[in-house]
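In: whatever this is, show me its structure:
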Amino acid sequence: MNKKNIIILSVIIILGSVLYFEKDKIYEFLYPRKYSIYVQKYSKEYNLDENLVYSIIKAESKFNKEAISRRGAKGLMQIADITRDWAIEELELSEDTDIYDPETNIKIGCWYLNRLYKEFGDTELVIMSYNGGSGNVKKWLSDKEYSHDGEEIHTIPFPETDRYLEKVKKYYVQYNKLYGKEGRN
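Out: Below is the predicted model of the structure:
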């Protein structure tokens, strides 16, 4: 074995060892719990699972508080202007509420998730509604092409919402594996 191959093999062994022994740190980096004071506060206030809120934030903005979607949704939880305006009225917030403020954004996002839970009562339907709109989810539930029983959706007609649901569910599984069920309220 020549010197170059020995160096490459040594680097691979070292990297493999680091990955094996530090995998929890790597997962914590990949699945952070940023803004935890606000996630804990508003998850509790709105009776939500913290790990689901973290999963949605990760899917929506990857924890970038300045994120703006191509459709104009803003902040950590990607709040649409219509949802912001509704929340300002319902929560009696100031008209000049800063949607990019992490606390405000998480409060509105958690309030909205709670509203969706009251409407649908099912986590998958809530996740679909958060992305695809509650009106669309209601239509899909009433259409035999998408729902056989009016309670579960077997085919999501929006590919983006289908991918979003799978992504949030994957993140949720990882958050629960990494941090346990402590995120449940």
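In: pLDDT below threshold where in the chain?
Out: Residues of the chain that meet the criterion pLDDT under 70 lie in 15-23, 181-185.
In: contacts only, for Glu66.
Out: Gly75, Tyr100 (C-beta atoms under 8 Å, 6 or more residues apart in numbering). No exception for glycine: its C-beta is placed from N, CA and C like everyone else's.
In: gap between it and Gln78?
Out: Going from Glu66 to Gln78 by C-beta to C-beta, to the nearest Å gives 12 Å.
In: cool, Leu9 as well?
Out: To Gln78, Leu9 is 45 Å away according to C-beta to C-beta.
In: Leu165 now?
Out: As judged by C-beta to C-beta, Leu165 and Gln78 stand 15 Å apart.
In: tell me which residue lies nearest the centroid of the chain.
Out: Nearest to the mean C-alpha position of the chain, by C-alpha atoms, centre = their mean, lies Ile56 at 0.7 Å.
In: in contact with that one, which residues?
Out: Counted by C-beta under 8 Å, 6+ apart, Ile56 has contacts Met77, Gly109, Leu113, Ile127, Tyr130, Val168.
In: including distance to Ser147, could these go into CSV?
Out: Shown next, in CSV, are the contacts of Ile56 (distance: C-beta to C-beta, whole Å):
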residue, distance to Ser147
Met77, 27
Gly109, 26
Leu113, 22
Ile127, 16
Tyr130, 18
Val168, 20
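In: how many other residues sit next to Glu89?
Out: Close neighbours of Glu89, defined as other C-beta atoms under 10 Å, add up to 10.
In: quick check, Ile156 in a strand?
Out: No: according to DSSP: H, G, I helix; E, B strand; the rest coil, the state of Ile156 is coil, so it is not within a strand.
In: quick one, which of Leu9 and Gln78 is more surrounded?
Out: Gln78 (23 against 11).
In: show me the helices in the protein, by range?
Out: In the chain, the segments counted as helices under DSSP state H are 3-21, 23-30, 36-45, 50-61, 81-90, 102-120, 123-132, 134-141, 159-179.
In: got the domain ranges for this protein?
Out: For the chain, automatic domain parsing gives the domain ranges 1-30, 34-183.
In: of those, flag the one that's most buried.
Out: domain 34-183 (a mean of 17; mean count of other C-beta atoms under 10 Å).
In: the closest residue to Asn176 other than its chain neighbours and Ser61, how far apart?
Out: Leaving aside its chain neighbours, Asn176 sits nearest to Asn51 (5.5 Å; criterion: C-beta to C-beta, 6 or more residues apart in numbering). The spacing between Asn51 and Ser61, counted by C-beta to C-beta, is 17 Å.
In: related to what we said a few turns ago, which of the contacts of Ile56 sits closest to Trp140?
Out: Nearest to Trp140 out of the contacts of Ile56 is Ile127 (C-beta to C-beta; 13.3 Å).
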